[in-house]
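Asker: Using only what follows, build the 3D model:
(chains A and B)
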Amino acid sequence: MSRFSCLLAVTALTAAVVGGPAEAQQPAKPPTITTTKVEGTDGIYVFRYGNRQAMFIVTTDGVIATDPIGYGFPETGPAYLSEIRKVTKQPIKYVVYSHHHFDHIAGGKPFKDAGAKFIAHKRVKERLALLNDPNTVLPDETFDNSRTIKLGGTTLELTYHGLNHSDSTIVMRLPKEKIIFTVDTVPVGSMPGRGMIDSYPLEWEAFLQKLHVMDWERLIPGHPGQPGGRLGTKKDVQYLLALLQDASSAVRAAALEGKCWDPVEKELQLPKYASLPGYQAGLPFVLRRYCGLWGRGT
Amino acid sequence: MSRMFRAIASGALLVTALGAAAQAQRPLFETTKVEGTDNVYIFRYQGHQSMFVVTPAGVIATDPIGHARPQAVTTYIAEIRKITQAPIRYVIYSHQHFDHIAGGKPFKDLGATFIAHRRAKERLEEMKYEDAVIPDEVVDGRRVISLGGTELELAFVGRNHSDSSLVMRLPKEKVLFAVDFIPLQAVSSYAFHDGYPVEWDESIRKVLAMDWDKLIPGHPFAGGLGTKKHVQEFLDYMTELSAEVKKAAHAGKCWDDAEKEVRLPKYAHWANYERGIASNIRRYCGYWGRGF
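Answerer: Now for the predicted structure:
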């Protein structure tokens, strides 16, 4: 363990991004690319591009990649591939989508060209087929409740546990390593925010309860955990559950008094969580979603 | 009409709860007969409206509009009673949202049968919201209620502002009651939050293909009743906004840049344009930029 006493930075380079999104008005500083091996594992990596991240798994028989995270940054896919290539020359066998939102799954074409098979929950394919997004690869294979991928001695379990942040979010679990990758369902160390917009708040609570009893120790989130890009633990799951329940009951009481939308969005605070990173920016999204639930019934 | 004037006068209380300046001088509630009809009325309470139809065999009421104000519902019934003593036979929900359908218990106590789209019933049962009467009967696609010589058609035209919106149409009177999914010359801050873009357009086309002349909206419209021209304008607004936001999404401008930059100046004179369009853009960014 001592060799891996901290996240081991395999590469930490500043991206030499040519261009940027084709039509971006003001090219911001190129996003930072990092690839880190998860402490205590042999082949589990986190690829980060700016504020988004994806897990990939290197085995002796090939690579299992996850979310291409290329939305708005077409250079992400090639960068992701090249980071994998620094670790292994094994073929990339799979790309597994965490859920259907473009900010995590757009940009997978380079993986497709490299021969990867794309796997996702069945709702992902249904939604993508309707939307026909030019930058998002359609899944080749889908599943309903569970599927297990075995490759080169590694087992990766894909399971669906109901509605939460989206209606297609799965949990990817490495049973031996006791690691999970689940995206946008547990904002590690920060306030939930925009991810509330189209979420299913009550079902999300049930999901967190299920997540909590699964057998795992560390959670790789889809956005770097706070502080310092840390991984999540079951404590983060409990914390989020309490936060959602507190927000839900506070807004419910206000909704019954007819205070949704404006008075709640302008006045209601959740002081217990005010020190969380992203509190001010995230709170309006949280309140609006719960006003939808308790003030409108949706 | 003289009876109507009495009804209006009886409801002439000072408005304190409404923020909109345009409505500052309006009474808390009012009941008006739809021009050109014998028996179709609009009951307004603060910022919500509900249609009711009076026949010799009884009354068909619609949305109770009693969310967080039970007095709206007792007032609604009292207003009906000023016009007729016929029994209130039905309460029909326009869709499942609490702000329109909460508070119906006084109607239930009078023996009314509650009717709604199937999805409204399912969702109300899931939510266990104690202030909304669970529908007794449901509609999937279409149903016609005949009462005392009046026909009222209930039609589901697909998902739009909600997944449970019914269009209520009086074929003889050519009057339509449709709530929240056809804002009239206004940009709604709230209608789009959890709506279904693109499918919504299709539902509007179906409404345009129906035979009607006057549209009663679920919120007061400065112009009173809507026309097909208003509905066509709203459809144009949605398709144009969708196309603009789609472009912005593919250019990587969702969320913030699109909300600030995308504008449709030809609709700038519509009520609540500036605030509402940002909210509408957010929904289209969700659709085209994130995939929901």
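Asker: Verify the stated contact: A:V251 with A:C260.
Answerer: Yes: applying C-beta atoms under 8 Å, one finds A:V251 in contact with A:C260, separated by 7.2 Å. In this view, the C-beta of every residue, glycine as well, is placed from N, C-alpha and C.
Asker: Counting neighbours, what do you get for whatever residue of chain A ends up closest to chain B?
Answerer: Residue nearest to chain B within chain A: A:G258 (2.8 Å; C-beta to the nearest C-beta). A:G258 has 16 neighbouring residues, counting by other C-beta atoms under 10 Å in any protein chain shown.
Asker: And for A:A116?
Answerer: With other C-beta under 10 Å as criterion, A:A116 counts 24.
Asker: Ramachandran angles for it?
Answerer: phi -70, psi 150 (degrees, to the nearest 10).
Asker: list the contacts for it?
Answerer: By C-beta atoms under 8 Å, 6 or more residues apart in numbering or on different chains, the contact set of A:A116 is A:65, A:92-95, A:108.
Asker: For B:F156, give its distance to chain A.
Answerer: 17 Å (C-beta to the nearest C-beta, to the nearest Å).
Asker: Could I get the contacting residues of that residue?
Answerer: B:117, B:139-142, B:165-167.
Asker: which residues in the chain form strands?
Answerer: Defaulting to chain A. A:8-14, A:32-37, A:44-49, A:52-59, A:62-66, A:92-96, A:117-121, A:141-143, A:146-151, A:154-160, A:170-174, A:179-181, A:218-220 (DSSP state E).
Asker: that's the wrong chain, I meant chain B
Answerer: Under DSSP E, chain B gives strands at B:29-33, B:40-45, B:48-55, B:58-61, B:88-92, B:113-117, B:137-139, B:142-147, B:150-156, B:166-170, B:175-178, B:214-217.
Asker: Give me the packing partners of the fifth one, helices and strands only.
Answerer: In this case it means strand B:88-92. strand B:58-61, helix B:105-109, strand B:113-117, strand B:142-147 (3 or more C-beta pairs under 8 Å, 6 or more residues apart in numbering or on different chains; DSSP states H and E).
Asker: joint contacts of A:V251 and A:C260?
Answerer: A:291, A:294-295.
Asker: near chain B, from those?
Answerer: Contacts with chain B within those, counted by C-beta under 8 Å from any C-beta of the partner chain: A:G295.
Asker: Which single helix of the chain contains the most residues?
Answerer: By default, I'm working from chain A. helix A:234-256 (DSSP state H).
Asker: that answer is for a different chain, and I need it for chain B
Answerer: Using DSSP H to define each element, chain B has its longest helix at helix B:228-250.
Asker: Could you check how far the nearest residue to B:R119 once chain neighbours are set aside is from B:H230?
Answerer: Once flanking residues are discounted, B:R119 sits nearest to B:S164: 4.0 Å by C-beta to C-beta, 6 or more residues apart in numbering or on different chains. To B:H230, B:S164 is 23 Å away according to C-beta to C-beta, to the nearest Å.
Asker: In terms of neighbours, single out the busier of the two.
Answerer: Taking other C-beta under 10 Å, B:S164 and B:H230 do not tie; B:S164 has more neighbours (27 against 19).
Asker: give the contact list for the more buried one.
Answerer: B:93, B:95-96, B:116-120, B:123.
Asker: Can you select the buried ones among those for me in PyMOL?
Answerer: To isolate the buried members of the contacts of B:S164 in PyMOL, using 16 or more other C-beta atoms under 10 Å in any protein chain shown:
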select buried, chain B and resi 93+95+96+116+117+118+119+120+123
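Asker: nearest to A:Q226, of the contacts of B:S164?
Answerer: Taking C-beta to C-beta as the measure, A:Q226 lies nearest B:R123 of the contacts of B:S164, at 35.4 Å.
Asker: hang on, the earlier thing: dump the contacts of B:S164 to JSON lines, plus distance to B:V54.
Answerer: Formatted as JSON lines, these follow (distance: C-beta to C-beta, whole Å):
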{"residue": "B:Y93", "distance to B:V54": "19"}
{"residue": "B:H95", "distance to B:V54": "23"}
{"residue": "B:Q96", "distance to B:V54": "26"}
{"residue": "B:A116", "distance to B:V54": "21"}
{"residue": "B:H117", "distance to B:V54": "24"}
{"residue": "B:R118", "distance to B:V54": "28"}
{"residue": "B:R119", "distance to B:V54": "29"}
{"residue": "B:A120", "distance to B:V54": "25"}
{"residue": "B:R123", "distance to B:V54": "30"}
